[in-house]
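> Got a predicted structure here, sequence first:
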2 protein chains.
Amino acid sequence: MTKRDQSVREATVADVARAAGVSKAQAARALGGYGAVSEQVLSVVIAAADQLGYRPNQLAKSMTTGRSNSIGVVVGDIENAHFGLALRGISDEVRREGYTVVLVNTDEDLEAEASAVQELLQQRVAGLVVAPCSSNETTHLESAQARGHAVVLFDRGIHALDFDTVRVEFADAALEVGRVLLDAGHRRIGYVSSQRVGGSYERGMDLGLSPVADRVAGIERAFAEAGDRWDPSLVRFNAASDEALAAACAELLDRPEPVTAVVCSDSLIALGVLGQIKRRGLRIPEDISVVAYDDFPWTELVEPPLTVVAQPVYDMGREAARALLRKLGHRVPAERLPLRAHIVERSSVGTPRAQPQPSPVR
Amino acid sequence: MTKRDQSVREATVADVARAAGVSKAQAARALGGYGAVSEQVLSVVIAAADQLGYRPNQLAKSMTTGRSNSIGVVVGDIENAHFGLALRGISDEVRREGYTVVLVNTDEDLEAEASAVQELLQQRVAGLVVAPCSSNETTHLESAQARGHAVVLFDRGIHALDFDTVRVEFADAALEVGRVLLDAGHRRIGYVSSQRVGGSYERGMDLGLSPVADRVAGIERAFAEAGDRWDPSLVRFNAASDEALAAACAELLDRPEPVTAVVCSDSLIALGVLGQIKRRGLRIPEDISVVAYDDFPWTELVEPPLTVVAQPVYDMGREAARALLRKLGHRVPAERLPLRAHIVERSSVGTPRAQPQPSPVR
DNA sequence: TGATGAGGTGAGACCGGTCTCAATCTTGAG
DNA sequence: CTCAAGATTGAGACCGGTCTCACCTCATCA
């Protein structure tokens, strides 16, 4: 109905040229600001253009030049503030060079991701920024890159070689999390993540190039430093839904020897875990200690304020965008933003309440 | 550098046609699934196509048909979970009809909004979903619509006539907020919003067609019901930055007769106000009551759990998308999602501490 | 048996830009 | 004053699809 059809047809270069009494080529040059154009022609064309309300057709432009002015961004969950913030970083950076962002949400679903990539390439975006949902099944990304498309990964890496990947450095912070907890006297430390993993966690298991892998490894390292080992059965994955998360919490909190501390892999998990803890009437940090990844404002406002690992999410987005722009041949400031996570100690970690100590440490 | 150029040129219909030994027109028909094509030709073309790894060029398609498969979404702040959620709703709904989303963030800046609209139209998006940042300065939107483009507004309305607008119904909930507070005995009620308004608030001031207007009106109505009037100096706008928000809180909390309750216009404001309250060592609800708009998970986890106004943000997004799809001539389920806000009473509203009551009520 | 029409096909115009190429027009140097 | 370099210009091809139109082949019907 509300189709413009012929009715309100947009003015084209040809229209402008006709109105200005010059050739299409000259009008295009004047409008596009390329080639040689006399003052004369320039002014008369400009006049005709805004007389007709001419707006360049970006589609046509992209088609002829082969250069597109949009980039594709693929994330698992925009609703998650983590990605919201990263997206903001990407968008801000990329706009500066005149690109717009085509966004696709995949619900962390591999197939959706693959078809998103496909779709974006069909739209001939200039490049792709992707937070891959799997480290292993990545043929869609590899083939995209193989076909010569500019691809940058962020937040998570994949095993395939040769991918530009922008990630936050978690090794130090994760080790620190382990140390803080261990120093406070915790030994039964739970870890909850929404990452999809087949089967249950085992030491040395391949978790892909995800931040989760680094975070788990950090705690394991802290245990090793302390001459101890972390019970792998306390690492719970696949807590993507409310039910799964509740189940994971149940397994950690309702066992004969419940965990004395929980590390939450992201803010969504933290929200869920906090809810579960509250439901059980447990107090933080007297009954249970909590550490969460991602330092969003609300983490400071809960009672008690949460000890968290802050990460430069916005900067990660910007840096990913810059990496893509570089691939696209743009001159982008060389200095890279440092992407290091750091722990922010607040009040959600305490000493575990005295309880029949299990085996370790004498 | 990583330019595909000629090197890995994408296969085109012409290439496929050549490989299949048929005319370009036939190949196009087979590939595009239109017109009459024999089984014979169909199979040989399909074979040639995936032999060559043919991917249709969406750009070219859009150009020739004049139909685009992307829609533009313009919001003030993606980082804000409110818009993140709405965007999710829009995206989910629109995908179903095969559209992708081109997102532009405006930082609630009018000029940015205008140029975003411009840019998106140049990209020839099929339609626009916009959360306008001003109710008055809307020539960019009006002219877009006048030129025959499909435009749907959401979250906020504008004064210009004839715009499809999808908004949550706040009248009842806002009145209820006023009543709850008034019933609890509050008279000095502060309201904090990030909305940009010139000058300070006065009764009957035009706040545009924003949800904020409804929310303020609701409280005013509750006051009227109680035979009282709301002191307009307690309504603070323009709290967009941390500093501005701090200043607004200072004006409300540090006056001789500080407010006994604060209504926060959105979750970002709530975060800030809670921080300010905490900084002053005030207790909720003993020293001050708080009501916040937007029921995000964290509002239930702070101490005490916040009384909030829940609103169907995701559904609002979906409904906005549907409205646009309808304009675009798609058949979309007729039943509209109900978009009504409702109050969720938790524990952040209490009776104001006894203090020299001001003038009202006996 | 010839007219009718549906199904299948290819040639080529078209969408709205960019860009190459050759023609024309200015210059300034010699 | 002559000539070549450089500026300005227009014609038309091109990008990769869609779509119209004319034409061809059969099967069907009278």
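Right, received. Where do you want to start? Numbering: from 1, shown residues only, chains lettered A, B, ... in the order given.
> what's the neighbour count on the nearest residue to A:Arg340 once chain neighbours are set aside?
Residue nearest to A:Arg340 in three dimensions, not counting chain neighbours: A:Glu169, with 4.8 Å by CB to CB, 6 or more residues apart in numbering or on different chains. Backbone N, C-alpha and C define where each C-beta goes, glycine included. Counted with other CB atoms under 10 Å in any protein chain shown, residues neighbouring A:Glu169 total 16.
> count of neighbours near A:Cys249?
Residues contacting A:Cys249 under the criterion other CB under 10 Å number 24.
> Next: A:Glu251.
17.
> these two touch, right, A:Ala174 and A:Ile219?
Yes - taking contacts as CB atoms under 8 Å, A:Ala174 lies within contact range of A:Ile219: 6.3 Å.
> Check the gap between A:Gly170 and chain B for me.
Quick fix: residue A:170 is Phe, not Gly. 22 Å (CB to the nearest CB, to the nearest Å).
> Next one: that residue relative to A:Val75, how far apart?
19 Å (CB to CB, to the nearest Å).
> which residue packs closest to A:Leu87, ignoring adjacent ones?
Of all residues not flanking A:Leu87 in the chain, B:Ile78 sits nearest, at 5.8 Å (CB to CB, 6+ apart).
> Got the phi and psi for that neighbour?
phi -60, psi -30 (degrees, to the nearest 10).
> From the structure, what's the count of residues near it?
There are 26 residues near B:Ile78, going by other CB under 10 Å.
> My guess is it contacts A:Phe83. True?
No - assessed by CB under 8 Å, B:Ile78 is found out of contact with A:Phe83, at 9.5 Å.
> low pLDDT regions in the stretch 1-150 of chain A?
A:1-8 (pLDDT under 70).
> show me where it has helices.
A:13-20, A:24-32, A:39-52, A:58-65, A:81-95, A:110-122, A:139-146 (DSSP state H, counting those that start in this stretch).
> Give me the helices and strands touching the fifth one, please.
Spelled out, it's helix A:81-95. strand A:70-75, strand A:100-105, helix A:313-327, helix B:81-95, strand B:100-105 (3 or more CB pairs under 8 Å, 6 or more residues apart in numbering or on different chains; DSSP states H and E).
> now the closest residue to A:Gly157 other than its chain neighbours: how far from B:Ser135?
Distance criterion CB to CB, 6+ apart; nearest residue to A:Gly157, sequence neighbours excluded, is A:Leu209 at 3.1 Å. Counting by CB to CB, the separation of A:Leu209 from B:Ser135 is 48 Å.
> repeat for A:Val45
On the measure of CB to CB, A:Val45 and B:Ser135 end up 37 Å apart.
> Who has more neighbours out of those two?
Using other CB under 10 Å, the more surrounded residue of A:Val45 and B:Ser135 is A:Val45, with 24 against 18.
> Now that one. Nearest residue, chain neighbours left out?
Closest to A:Val45 by CB to CB, 6+ apart is A:Ala30, at 3.8 Å.
> if we can go back for a sec, how many neighbouring residues does the residue nearest to A:Gly157 have?
20.
> before we move on, what about A:Tyr99?
A:Tyr99 has 23 nearby residues by other CB under 10 Å.
> which ones are touching it?
Going by CB atoms under 8 Å, 6 or more residues apart in numbering or on different chains, A:Tyr99 touches A:69-71, A:126.
> Quick check: the residue of the stretch 101-250 of chain A found nearest chain B vs DNA strand C, distance?
Proximity of the stretch 101-250 of chain A to chain B (CB to the nearest CB) peaks at A:Gly148, 3.6 Å away. From A:Gly148 across to DNA strand C, the span is 19 Å (CB to the nearest atom of the strand, to the nearest Å).
> Do a quick rundown of the strands in the stretch 101-250 of chain A.
For the stretch 101-250 of chain A, applying DSSP state E, counting those that start in this stretch gives strands covering A:127-130, A:150-154, A:164-166, A:189-192, A:235-236.
> Wait, A:Glu10 touches A:Leu52, no?
No - contact criterion CB under 8 Å: A:Glu10 and A:Leu52 do not qualify, at 9.3 Å.
> So which bits of stretch A:293-311 are buried?
Using 16 or more other CB atoms under 10 Å in any protein chain shown as the test for burial, stretch A:293-311 gives A:293-296, A:298-302, A:304-311.
> confidence score at A:Pro356?
Looking at A:Pro356, its pLDDT reads 47.
> give the contact list for A:Ile71.
Listed by CB under 8 Å, 6+ apart, the contact set of A:Ile71 reads A:94, A:99-102, A:125-129, A:321, A:324.
> If we use 10 Å, what do you get?
A:90-91, A:94, A:97, A:99-102, A:120, A:125-129, A:150, A:152, A:321, A:324-325, A:328 (CB atoms under 10 Å, 6 or more residues apart in numbering or on different chains).
> in the stretch 101-250 of chain A, what residue is nearest DNA strand C?
Residue of the stretch 101-250 of chain A nearest DNA strand C, by CB to the nearest atom of the strand: A:Arg124 (12.8 Å).
> Tell me who's in contact with that residue.
A:59, A:62-63, A:66-68, A:70, A:72, A:149, B:10, B:55, B:57-60.
> Between A:Ala174 and A:Ile219, point out the one with more neighbours.
More neighbours surround A:Ala174 than the other of A:Ala174 and A:Ile219, with 27 against 24 (other CB under 10 Å).
> Who are the contact partners of that one?
With CB under 10 Å, 6+ apart, A:Ala174 has these contacts: A:211-222, A:263, A:293, A:309, A:341, A:343.
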